[in-house]
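> task: produce atomic coordinates for the following.
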Amino acid sequence: MFVLCLLIVIGVAWFYPEMGSGAGLAAIANWGVSVIFFFYGLRLNWVKICEGLSNLRLHVVVHLATFVLFPLLVLPFAWYFRNAEENLRLLWLGTFFLATLPSTVSSSVVMVNLARGNVPAAIFDASISSLLGVFLTPLWMQVFVASSGEGKSLGPVVVSLVLQVIVPVVLGIVLHRGLGWFSQRYDKTLRQFDQAVILLIVYTSFCHSFSEKMFAGMSFHTLLVCTVGLVALFFLVYGILHVVCRLLKFSREDTITTLFCGSKKSLVHGTVMSQVILADPRLAGILILPTMIYHAMQLLVVSVIARRKGGEVQRLDGAGR
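Numbers count the residues shown, from 1 in each chain. The predicted structure is shown next:
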């Protein structure tokens with residue numbers, strides 16, 4: 001349903017770009033982002049996070065995959081797109097941006113739980129990845145956007161992300177003991193609010209891009225090739241992580257957590273950071289396009305894998321009885 005809503009808001013932005021090109025909706029979206037991360041912090045149970053702290057090897061593998069393996073797999077293609085036409089170069093930049101993003105938070109934990117993996121470790125990795133991304137994603141992106149003049153300098157970007165992401169999360173964690181019940185009782189409503197804010201950011205981003213005709217000349221064939229490449233990237237990382245887990249003799253539960261947390265990327269962080277990192281808001285639509293495609297694909301693929309792995313455990317439990 002959420003993927004369908006993403007397509008709808010992009011369609012609305014295509015037909016009515018002037019509605020979302022002003023500063024009003026963008027300001028609302030920025031405030032909404034801080035509220036999202038505040039409630040995310042409010043959901044976090046510090047005791048459960050600490051439960052997953054001890055599995056050091058698993059955490060190292062997940063974060064190396066998220067912030068090192070992904071970018072290094074995409075980076076070699078920079079030379080090919082360096083002199084390509086602007087749309088293709090920006091599409092590659094968006095793919096590299098995707099590769100530098102942190103892992104998802106809620107969906108990673110949900111999928112690990114569905115597949116009967118190590119849930120405490122998933123909570124820890126997803127939470128830490130979210131915070132590390134505030135520093136590591138802008139640092140990776142500086143390699144390209146700073147030299148081209150398309151991005152802001154690193155210092156203001158990190159300060160802005162700390163204020164928008166880390167401060168609300170920390171505030172939520174501090175208030176968890178007293179207000180944690182609120183996030184549990186209204187969890188479904190809060191997740192719907194999260195999705196509404198993401199849709200608003202996507203809408204305003206594409207309005208800026210469409211109004212300036214940033215997608216002019218981008219063919220369906222180009223988008224199809226991009227989608228195939230992103231699917232290949234997912235399965236390549238998934239396969240590499242599977243081999244690493246076997247070499248390190250991870251348990252079944254730790255393997256599931258590593259595969260799911262290490263191969264997923266956060267659309268929430270992508271939409272937020274695209275607004276902060278870029279100096280020109282017209283570029284935001286193209287920058288987050290690969291992240292949106294990857295997000296839709298990972299939801300479909302990982303949910304199928306998670307259900308299959310969860311079903312395997314149920315069959316084994318049934319046979320054991």
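> would you confirm that residue 32 contacts residue 195?
No - counting by C-beta atoms under 8 Å, residue 32 stays clear of residue 195, with 10.9 Å between them. (Each C-beta comes from the backbone N, C-alpha and C, glycine too.)
> where does residue 188 fall, secondary structure wise?
Using DSSP states H and E, residue 188 maps to helix 187-211.
> give me the mean pLDDT for that helix.
In this model, helix 187-211 carries a mean pLDDT of 82.
> do stretch 176-183 as well
Summarised as a single mean, pLDDT over stretch 176-183 is 82.
> what does it contact?
With C-beta atoms under 8 Å, 6 or more residues apart in numbering as the test, stretch 176-183 has contacts from 39, 41-46, 190.
> just the buried members of those residues?
Listed as buried from those are 39, 41-44, 190; burial here means 16 or more other C-beta atoms under 10 Å.
> any chance of those in a markdown table, with distance to residue 181 and secondary structure too?
Shown next, in a markdown table, are the buried ones among the contacts of stretch 176-183 (distance: C-beta to C-beta, whole Å; DSSP: H, G, I helix; E, B strand; the rest coil):
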| residue | distance to residue 181 | secondary structure |
| --- | --- | --- |
| 39 | 13 | helix |
| 41 | 15 | helix |
| 42 | 10 | helix |
| 43 | 11 | helix |
| 44 | 14 | coil |
| 190 | 13 | helix |
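> show me what the helix or strand containing residue 145 packs onto, helices and strands only.
Element membership for residue 145, per DSSP H and E: helix 119-148. Other helices and strands packing on helix 119-148, by 3 or more C-beta pairs under 8 Å, 6 or more residues apart in numbering; DSSP states H and E, are helix 46-51, helix 56-64, helix 86-100, helix 106-114, helix 154-161, helix 252-263, helix 267-277.
> redo those helices as CSV? Include distance to residue 210 and mean pLDDT.
Shown next, in CSV, are the helices and strands packed on helix 119-148 (distance: least, C-beta to C-beta, whole Å; pLDDT from 0 to 100):
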stretch, distance to residue 210, mean pLDDT
helix 46-51, 41, 69
helix 56-64, 36, 94
helix 86-100, 13, 89
helix 106-114, 28, 83
helix 154-161, 25, 87
helix 252-263, 31, 94
helix 267-277, 15, 85
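> okay, who's weakest in the buried ones among the contacts of stretch 176-183 by pLDDT?
By pLDDT, residue 44 ranks lowest within the buried ones among the contacts of stretch 176-183, coming in at 77.
> so what pLDDT did the spatially closest residue to residue 101 that is not a sequence neighbour get?
Counting by C-beta to C-beta, 6 or more residues apart in numbering, residue 265 is the residue found nearest to residue 101 once chain neighbours are left out, at 4.7 Å. Residue 265 is assigned 94 on the pLDDT scale.
> likewise for residue 244?
Looking at residue 244, the pLDDT reads 97.
> can you check residue 231 too?
Reported pLDDT for residue 231: 94.
> how near is it to residue 238?
The spacing between residue 231 and residue 238, counted by C-beta to C-beta, to the nearest Å, is 11 Å.
> repeat for residue 311
Counting by C-beta to C-beta, the gap from residue 311 to residue 238 is 19 Å.
> ditto for residue 19
Applying C-beta to C-beta to residue 19 and residue 238 gives a distance of 39 Å.
> between the two, which one's more packed in?
Between residue 19 and residue 238, residue 238 has the larger neighbour count (other C-beta atoms under 10 Å), namely 19 against 14.
> so the more buried one sits in a helix?
Yes - counting by DSSP: H, G, I helix; E, B strand; the rest coil, residue 238 is located in a helix.
> which residue, neighbours along the chain excluded, lies closest to it?
In space, and not counting its chain neighbours, residue 238 is closest to residue 263: 4.8 Å by C-beta to C-beta, 6+ apart.
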